[in-house]
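Asks: What would the 3D arrangement of this be:
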Amino acid sequence: MSDMKKWQHEESAKYMVAVLERKGFEAYCVTDLEEARNKVLDIIPENVSIGLGGSVTLEKMNILDTLRSEKYSLIDRYQKGSSEQHIRFYKEALLADYFLTGANAVTRNGEIVCTDCSGNRVAAMIFGPEKVIVVVGANKLVEDIDEALKRIKKIAPMNAKRNNHQTPCTFTGKCENCNHPERMCNYTAIIHNGMKVKGRTTVIVIADEVGF
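Replies: Prediction:
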């Protein structure tokens, strides 16, 4: 990454933290995935239950093995199992002490925008777990909600391909607004602010390009 691009990500990250704090979220700026991992582990105490949202950023952080240790009670959505077992994990995560996830976009007005396949991630971000931690790269800063939705459409084919969904977008590389049974983009949520329960949601902004 060039020095100028790194500088731009750093400025975007600082901006995101400032606006998110004004909207009632707790927010931190970190330099890279390793620092993000350390910040998450600083925030989450031992002996608590933890739910997960599907996230490339979390997978790249190398945090899952630590959370699977006996220090925590991880509701592990990444375990192999039947669809019925995964649905059970999703439901259990709604009652977790902490919920850890990524996000698709954050607007310059401090709105967090996410689109889900099953809806479990956005449901938990909105209501249920006592605490929510969102880890997001500075590359996900967008101008407004319209730009957030455009960004989600642009990345959707990559996400579908990553999850081996045989949707039309995995053959064309662009959103086809399909009605396929394996469609990934089924539920979209906009979190406008964190004022209802101040301090419930913490956003860790990485001053780098991470995740889709």
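
Asks: Leaving out chain neighbours, which residue sits closest to residue 95?
Replies: Setting aside the residues directly before and after it, residue 95 is nearest to residue 128 in space (C-beta to C-beta, 6 or more residues apart in numbering), at 6.3 Å. In short, each C-beta sits where N, CA and C put it, glycine included.

Asks: So what's the residue count around the one you found?
Replies: By the measure other C-beta atoms under 10 Å, the count of residues near residue 128 is 16.

Asks: residues contacting it?
Replies: 93-96, 99 (C-beta atoms under 8 Å, 6 or more residues apart in numbering).

Asks: Check what pLDDT it gets.
Replies: On the pLDDT scale, residue 128 is placed at 95.

Asks: just checking, it is part of a helix?
Replies: No - looking at residue 128 with DSSP: H, G, I helix; E, B strand; the rest coil, it is coil, so not inside a helix.

Asks: Who are the packing partners of the longest helix belonging to the chain?
Replies: The helix that spans the most residues within the chain, counting by DSSP state H, is helix 3-22. Contacts defined by 3 or more C-beta pairs under 8 Å, 6 or more residues apart in numbering; DSSP states H and E place helix 3-22 against strand 26-30, strand 141-142, strand 201-206.

Asks: In this structure residue 98 contacts residue 48, no?
Replies: Yes - the pair residue 98 and residue 48 passes the contact test of C-beta atoms under 8 Å, sitting 5.8 Å apart.

Asks: Among the two, which residue is more densely surrounded?
Replies: The neighbour comparison of residue 98 against residue 48 (other C-beta under 10 Å) goes to residue 98, with 23 against 15.

Asks: Just list whatever residues bridge to that one.
Replies: For residue 98, the beta-bridge partners under DSSP bridges are residue 50, residue 131.

Asks: got a list of what it touches?
Replies: 44, 48-51, 129-133.

Asks: Tell me the buried residues within the residues you listed.
Replies: In terms of neighbour count (16 or more other C-beta atoms under 10 Å), the buried residues within those are 44, 49-51, 129, 131-133.

Asks: Distance-wise, check the nearest residue to residue 183 once chain neighbours are set aside relative to residue 177.
Replies: Setting aside the residues directly before and after it, residue 183 is nearest to residue 167 in space (C-beta to C-beta, 6+ apart), at 5.8 Å. Between residue 167 and residue 177 the computed distance is 11 Å (C-beta to C-beta, to the nearest Å).

Asks: These two: which is more packed in?
Replies: More crowded of residue 167 and residue 177, by other C-beta under 10 Å: residue 167, with 22 against 11.

Asks: And what about the more buried one, helix, strand or coil?
Replies: Applying three-state DSSP: residue 167 is coil.
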